[in-house]
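Novice: Can you look at this prediction? I've put the sequence above it.
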Amino acid sequence: MKFFVDTAEIDAIAELNDLGMVDGVTTNPSLILKSGRNILEVTKEICDLVDGPVSAEVVALEADAMIAEGRKLAEIADNITIKLPLTWDGLKACKVLSGEGHMINVTLCFSANQALIAAKAGATFISPFIGRLDDINLDGMDLIQDIRIIYDNYGFETQILAASIRSVNHILDAARIGADVMTAPPEVIKKLAAHPLTDKGLEQFMADWKKTGQNIL
């Protein structure tokens, strides 16, 4: 499973990147707002830092404007992935921009039918939103499972990018099902290393080591 970091905060990306935990980055207008940075400036900085795909989202709602914005974003760096909403106009833009050789992340996917037509339109990544489905009492993992089955049935190369991840259990379940990629905030990724029994065991080791009166250095 590839790990994408869902943030526009440079320091957080750099910390995880140094550990080899970053296969790509996803951003959106809300994350750009949170960063307080200019979209073109911060996206270029992220692209320089990370080797993998960096998703930058258009804000236009009509296909022609999406295509123009997508081309502008693609000029930032070779590893830009143009992020488009899963609307009819977004699919039109996906078909054009993917045909020009650009990587495309089709976002805000909430149904398997949407994922099917995004793949037909040439999406590189499809981003089903797990957490937002959970919010309305639907199981986001059911959507990941349905998309996996459909894509495997017909050999679609579009990668499933599990998004709106809010817990380590979301990551585990997506990995079990076979999502190609997951994107999560830095704090959620860091929690993958945490376990109370690890903390308890380490506490006991440290207590016993102190009793030996020894030093390694």
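Specialist: Thanks, I have the structure now. Source: prediction; values computed, not measured. Residues are numbered from 1 along each chain as shown.
Novice: Which residues does the lowest-mean-pLDDT helix or strand in the chain contact?
Specialist: In the chain, no helix or strand scores lower on mean pLDDT, DSSP states H and E than helix 29-35, which sits at a mean of 93. With contacts defined as CB atoms under 8 Å, 6 or more residues apart in numbering, helix 29-35 is touched by 6, 7, 8, 9, 39, 42, 57, 59. Quick note: C-beta positions are derived from backbone N, CA and C, even for glycine.
Novice: and what of stretch 48-56?
Specialist: Residues contacting stretch 48-56 (CB under 8 Å, 6+ apart): 2, 4, 10, 13-14, 17, 22-28, 39, 43, 46-47, 73, 76-77, 79-83, 103, 105, 107, 124-125.
Novice: Return the subset of those residues lying in strands.
Specialist: Counting by DSSP state E, the part of those found in strands is 2, 4, 24-26, 80-83, 103, 105, 107, 125.
Novice: Buried among those residues? Make that a ChimeraX selection.
Specialist: Of those, the buried ones go into a single ChimeraX selection, burial set by 16 or more other CB atoms under 10 Å:
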select :2,4,24,25,26,80,81,82,83,103,105,107,125
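Novice: which two from the ones in strands among the contacts of stretch 48-56 end up farthest apart in space?
Specialist: 2 and 82 (18.1 Å; CB to CB).
Novice: In space, what's closest to the residue nearest to the spatial centre of the chain - neighbours in sequence excluded?
Specialist: By CA atoms, centre = their mean, the chain has its centre lying nearest to residue 183, at 2.7 Å. Spatial nearest neighbour of residue 183, chain neighbours left out: residue 4 (3.8 Å); criterion: CB to CB, 6 or more residues apart in numbering.
Novice: From residue 208, how far off is that neighbour?
Specialist: Using CB to CB, to the nearest Å, residue 4 is found at 40 Å from residue 208.
Novice: Name the SS class of residue 175, please.
Specialist: helix (DSSP: H, G, I helix; E, B strand; the rest coil).
Novice: pretty sure it is touching residue 181, no?
Specialist: No - Residue 175 lies out of contact with residue 181 (CB atoms under 8 Å); the separation is 10.4 Å.
Novice: neighbour-wise, which of these two wins?
Specialist: Each of residue 175 and residue 181 has its neighbours counted (other CB atoms under 10 Å); residue 181 has more, 23 against 12.
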